[in-house]
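1. Sequence below, structure please.
(one chain, ligands or ions: 1)
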Amino acid sequence: MTTIQVAGLHVRHRKTVALDSLDVDFGRGVHGLLGPNGAGKTSLIRVLATVAAPTGGRVRMLGEDLADPRARTEVRRRLGYLPQEFGYYPGFTVREFVAYMAWLKEMPAAATPAAVERAVERVGLADRIDARIRTLSGGMVRRVGIAQAIVNDPAVLLLDEPTAGLDPEQRVEFRELLRELGAGATVLVSTHLVEDVAAACTEVTLIADGRLAYRGTPDALSALGAAADGVGDHPIERGYTAALRAHREVAVR
Ligand SMILES: Nc1ncnc2c1ncn2[C@@H]1O[C@H](COP(=O)(O)OP(=O)(O)OP(=O)(O)O)[C@@H](O)[C@H]1O
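-> Just a heads-up that it's a prediction; the model follows:
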């Protein structure tokens, strides 16, 4: 079932075209969003998170048209979003901050304390729940960001580089959490770490120059790398470079 439909999406920042007539759909599962620096991944995620307006095109999410302000408010309750640059109040404890975000998402007050504890436990921070955020390491703060994104059990979860700053053990645990979340929700994860994609994603969406360059399973992308002489140390890395090269060859024609 399709939860997100993007049609002819155009995003421009002054003179820079970040997304150029992008058509792409997403359904339940974990979608790895890959692409070179400046490809347009964050621009796409920000439009889907309803924090940026596109310059053209349409997005339907959870049956709503995001052009409608009332629909955006409705969708926000069912959305989880971890921005690339995640803002927080350093003086808040983890519990206070995640509860505050739950309140912003208009969660029922009675359900909030248990939902906060569950979200914090799922990111492995139960023992730091009453610590002030300013006392946490960078990787722990990133995990607080993931906890606030999942506190409302979102139907659509948007994570912009969630594994940046996580140690290897935490990344492995995070992939497990992603797989769990993807069973019931549409999860989009932008990352530069292809191992995360290979391990946790059901589908890969490769964006380059604001356009869709490749769509397929991680296994299919790896197979493409083997068939098309991609370069890289990991099979999916070879698939990534091969798909990107094919996209650029078409673009210059
Ligand atoms: N606020 C802005 N003002 C001007 N240009 C911007 C702005 N935000 C993004 N851009 C430009 O839009 C293009 C797409 O940027 P975007 O951040 O969406 O890419 P990305 O794929 O997320 O990159 P990265 O992998 O580096 O995070 C880039 O050329 C970028 O320089």
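2. Number of residues surrounding the residue lying closest to Thr93 once chain neighbours are set aside?
-> The shortest distance from Thr93 to any residue other than its chain neighbours is 5.1 Å, reached at Asp130 (CB to CB, 6 or more residues apart in numbering). Glycine gets a C-beta too; all of them are placed from N, C-alpha and C. Asp130 has 10 neighbouring residues, counting by other CB atoms under 10 Å.
3. Following element in sequence after the helix or strand where Phe26 lies, please.
-> Assigned by DSSP states H and E, Phe26 belongs to strand 16-27. Counting by DSSP H and E, the next helix or strand C-terminal to strand 16-27 is strand 29-34.
4. Now do the very next helix or strand once past that following strand and strand 16-27, the angle between them.
-> Remark: after strand 29-34, the chain's next helix or strand is helix 41-48, criterion DSSP H and E. Helix 41-48 and strand 16-27 are oriented at 60 degrees to each other (axes from the mean of the first three to the mean of the last three CA atoms, to 10 degrees).
5. Show me what counts as buried in the host helix or strand of Val11.
-> For Val11, the host element (DSSP H and E) is strand 2-13. When burial is assessed from 16 or more other CB atoms under 10 Å, strand 2-13 yields the following buried residues: Thr3, Ile4, Gln5, Val6, Leu9, His10, Val11.
6. Output those residues as CSV; include the columns distance to Pro83 and pLDDT.
-> Formatted as CSV, those follow (distance: CB to CB, whole Å; pLDDT from 0 to 100):
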residue, distance to Pro83, pLDDT
Thr3, 20, 95
Ile4, 18, 97
Gln5, 23, 97
Val6, 19, 97
Leu9, 19, 97
His10, 21, 96
Val11, 16, 96
